Structure formats: structure tokens, C-alpha cells
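Enquirer: okay, predicted coordinates and the sequence, questions at the end:
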Amino acid sequence: MRTPLMAGNWKMFKTPAETKAFFEKFLPLVATSTHADVAICPPFVDIAAAVDAAAGSRVGIGGQNCYWQNKEGAFTAEVTPAMLKAAGCTYVIIGHSERRQYFHETDETVLKRTKAALEAGLIPMVCVGELLEERESGRTNEVLATQFNGGIAGLTPEEFAKIVIAYEPVWAIGTGKVATPEIAQDTHKAIRDLVAAKFGAEAAAAVRILYGGSVKPDNVKGLMAKPDIDGALVGGAALKAEDFAGVVNF
Ligand code: PGA
């Protein structure tokens, strides 16, 4: 009942010309598979090129972050969710671990950004995940509970019904160290239990929880076979049309 979502996060890679070239290769490779929703989140400067190139296809475009209000203002270098929507975006990534680690984003700002994104009509993909030392010291579920309860638990049930959660263990991002399907499944289940405790069983059954962290064409099948894994948020492997098509067509 949950449609899988395969989302690419390009991070700080590619120019508008490279974006156009990517879509020329990528779209024919995913034209016949319709079992999953597909998204690409390029850098802000590539959004226009991506929206243009993906027009008429089933690939939705997303931002990698947004400001926490939709009212314009004097906030140098920030972009409102409403601007992303007007530029043709469907999605926005919020609270990626790189934003949390390097740019000091907190659960509180994650919640504010998520609310603003929903207000603008975007689908937020809200990221949570533990650090290596947190996993090794057995604190994964505690960390996720803190991120959840201090962040998206503050949404209304109506708002919550519109978001996607991305579980991204920080130790698996860009490291080539993918979580085993069993580890990912256990943690997705733990997140779904947090959702059930706060928003009820129906909301927990409906919310899509993506796995992120070194997803590749050769490991996606095992992950997607698990009952609580509803898709992937893909970094490195989303930069090459053939690789990302391999993930989408899992
Ligand atoms: P990765 O990145 O696939 O390169 O590990 C995932 C992410 O950060 O979303």
C-alpha cells in the first residue's frame, strides 16, 4: 500500500549543463518502470534545468533544504519553500545529517522548516539517523527518539500524513558501508513504532520511511525486500544515470 520512493540527493555536485545531460540519459532508462515514485534533488542553481529536463516525465524535482518561513525577507543565501514550489519543485530534503553536523541544524529548526515546506505544498523528506559512536554504544533508538520527539513529533496529524521520513545512519553515508538489510529493517521498525506511539497505528502504517546510506544498484534489492523499507535516499549512486536507474528499477 506504500508506493516506494527512490530519491537522489546530488549534494554539491553538477552544473545546469550537467543536469541536462544527466536527464537525457536517465529518463529513457526509467521510462518503463512505474512501481516507484522518483525524485532528484539537485543544488538550487540546477533546479530550473532539472524541472525543464524532467517536464512530462514521472520524475519529481526537490530542493536539498529550505528556509523556515515562506515570507520573503533579508536572509542572505536562504530560499523559501514557496520559492522552491514556484520553481517547479515537488519535494524538499530537510535535516540531512550533513546539515545537522556541518551547519548546526537542530531538531527544532528541522520542525520549523518542515512546517514551512508543508505550508508551501512541498513534500518534505525529513532525515534522521545516528552517528557511529551512538550505534556502537547501543544508543541508536534513543537518538532516533530524541530526533523524532524533538522534531517532527511537533507536527499536527494532518501535517504528519504528508511527510516522508528518511533514515540515514551517518556511518553509512558516503562510506560505502551500507547498513545490512536486517539492521536497516530493525531501525525502520523502531521509527515506525515511534510514529505509532505519537500519531497512531494508521499513521505509522501509512508513512513512507526511506533508507539512505551507500545505496547502490547491487544492494538495493535486499533493502527493498524488507517490510518497513519504503524506498531510498541516494547520494553517490544518484550522480550517474545508469547507477540511479539501477536503483530505481530495483
Ligand atoms: P550516499 O549518500 O548514498 O552517498 O551514502 C546518501 C545521503 O546522504 O543521502
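Expert: Received the coordinates, thanks. No experiment lies behind these values; they were computed from the predicted model shown.

Enquirer: where does this structure get nearest to the ligand, residue-wise?
Expert: residue 235 (2.3 Å; Cβ to the nearest ligand atom). Every C-beta, even on glycine, is put in place using the N, C-alpha and C of the backbone.

Enquirer: burial of that residue, as a residue count?
Expert: The tally of other residues near residue 235 (other Cβ atoms under 10 Å) stands at 20.

Enquirer: list the contacts of it.
Expert: 8, 9, 10, 11, 173, 174, 212 (Cβ atoms under 8 Å, 6 or more residues apart in numbering).

Enquirer: at 10 Å instead, please
Expert: If you count contacts by Cβ atoms under 10 Å, 6 or more residues apart in numbering, residue 235 has them with 8-11, 13, 96, 98, 168, 173-174, 212-215.

Enquirer: do you have the helices of this structure handy? List them.
Expert: Using DSSP state H, the helices of the chain run over 16-30, 47-54, 81-86, 97-102, 107-119, 132-136, 140-150, 157-160, 181-199, 201-206, 220-224, 241-248.

Enquirer: show the pLDDT at the closest residue to residue 71 other than its chain neighbours.
Expert: Counting by Cβ to Cβ, 6 or more residues apart in numbering, residue 71 lies nearest to residue 80, which is 7.4 Å off, once chain neighbours are set aside. Listed pLDDT for residue 80 reads 98.

Enquirer: want to try TSV for the helices of the chain, with mean neighbour count and distance to residue 68 as columns?
Expert: Shown next, in TSV, are the helices of the chain (neighbours: other Cβ atoms under 10 Å; distance: least, Cβ to Cβ, whole Å):
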stretch	mean neighbour count	distance to residue 68
helix 16-30	17	27
helix 47-54	20	19
helix 81-86	20	9
helix 97-102	17	12
helix 107-119	21	4
helix 132-136	14	26
helix 140-150	17	15
helix 157-160	14	14
helix 181-199	18	21
helix 201-206	14	23
helix 220-224	19	31
helix 241-248	21	30
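
Enquirer: quick check: which of the ones you listed is nearest to residue 41?
Expert: Residue 41 sits nearest to helix 47-54 of all these, at 8.8 Å, using Cβ to Cβ.

Enquirer: what does this structure have sitting close to the ligand?
Expert: 9, 168, 173-174, 212-215, 233-237 (Cβ under 6 Å from any ligand atom).

Enquirer: how close does residue 21 get to residue 238?
Expert: 14 Å (Cβ to Cβ, to the nearest Å).

Enquirer: got it, and residue 94?
Expert: Taking Cβ to Cβ, one finds residue 94 at 18 Å from residue 238.

Enquirer: ditto for residue 110
Expert: 22 Å.
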